[in-house]
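> this one's structure only:
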């Protein structure tokens, strides 16, 4: 599939999404939730440090609730894990979730490998997620991310937009989120080893995420 064809599909989907969401915008439901600023800074053996986000970055992301935090294991034996959660209470005004595959190159990170993986985490059924190995100046990191809305996790941004429309019609809700975890790849470390670190960390997130991203 050529890049121009993919762009055409994305443009049609975005236009259709905006039109349908506008039609059903009269009775939007905003479920109660806890702000991400109160997300635990200790998750199992991991202790977190919040990274402030600049006004320029927040302006690009649009109106929403965001968490950017680095977690380090208590024994300091493993590389840190970065957690980013973006929650949009409404996506009917054109403020939709930004895909990391577009944002990361803007920060100088380039994907060298990409795939879909099946993830099984505590408190959630199996779901697909995106896995990227990214590189900048010979430094590599592993990224895993997924879209989460109404207790449904998907890897595809197109499926996320499809469910955005159907849930807006069915539930009168257009809220949604992105969950991303990232960790450096040590020299001689395999992707599988780094993936296990990320998924082990993410297992601490799913039991409590419903407080911050309503089911």
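Cool, the structure landed. Everything numeric in this text was worked out from a predicted model, so none of it was measured. Residues are numbered from 1 along each chain as shown.
> all helices for the protein, in order.
3-23, 55-61, 100-106, 157-170, 191-202 (DSSP state H).
> hey, least reliable of those helices by pLDDT?
Least confidently modelled of the helices of the chain is helix 3-23, at a mean of 59 by mean pLDDT.
> how about the strands in this protein?
42-43, 46-50, 65-73, 81-88, 110-119, 127-136, 139-149, 152-154, 176-184 (DSSP state E).
> So, low pLDDT: which residues of the protein?
For the chain, applying pLDDT under 70 flags the ranges 1-26, 93-95, 106.
> Count the neighbours of residue 29 for me.
Residues lying near residue 29 (other CB atoms under 10 Å) number 12. (Glycine included, C-beta is placed from N, CA and C.)
> would a markdown table of the strands of the chain with mean neighbour count and distance to residue 192 be doable?
Shown next, in a markdown table, are those (neighbours: other CB atoms under 10 Å; distance: least, CB to CB, whole Å):
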| stretch | mean neighbour count | distance to residue 192 |
| --- | --- | --- |
| strand 42-43 | 15 | 22 |
| strand 46-50 | 15 | 20 |
| strand 65-73 | 18 | 18 |
| strand 81-88 | 22 | 16 |
| strand 110-119 | 13 | 10 |
| strand 127-136 | 18 | 11 |
| strand 139-149 | 21 | 10 |
| strand 152-154 | 19 | 21 |
| strand 176-184 | 22 | 13 |
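> For residue 36, which of those is the nearest?
strand 65-73 (4.0 Å; CB to CB).
> The closest one vs strand 81-88, what angle?
Between strand 65-73 and strand 81-88, the angle comes out at 170 degrees (axes from the mean of the first three to the mean of the last three CA atoms, to 10 degrees).
> Given strand 65-73, what are its sheet partners and their directions?
Sheet pairing here is set by DSSP bridges, and for strand 65-73 it gives strand 46-50 (antiparallel), strand 81-88 (antiparallel).
> Might one say that residue 104 is in contact with residue 135?
No - between residue 104 and residue 135 there is no contact under CB atoms under 8 Å: 10.4 Å.
> quick one: contacts for the nearest residue to residue 58 once chain neighbours are set aside?
Leaving out its chain neighbours, the residue that sits closest to residue 58 by CB to CB, 6 or more residues apart in numbering is residue 66, at 7.2 Å. Residues near residue 66 by CB atoms under 8 Å, 6 or more residues apart in numbering: 36, 53, 58, 84-87.
> For residue 66, list each beta-bridge partner.
As assigned using DSSP bridges, the partners bridged with residue 66 are residue 86.
> Good, we can wrap up now.
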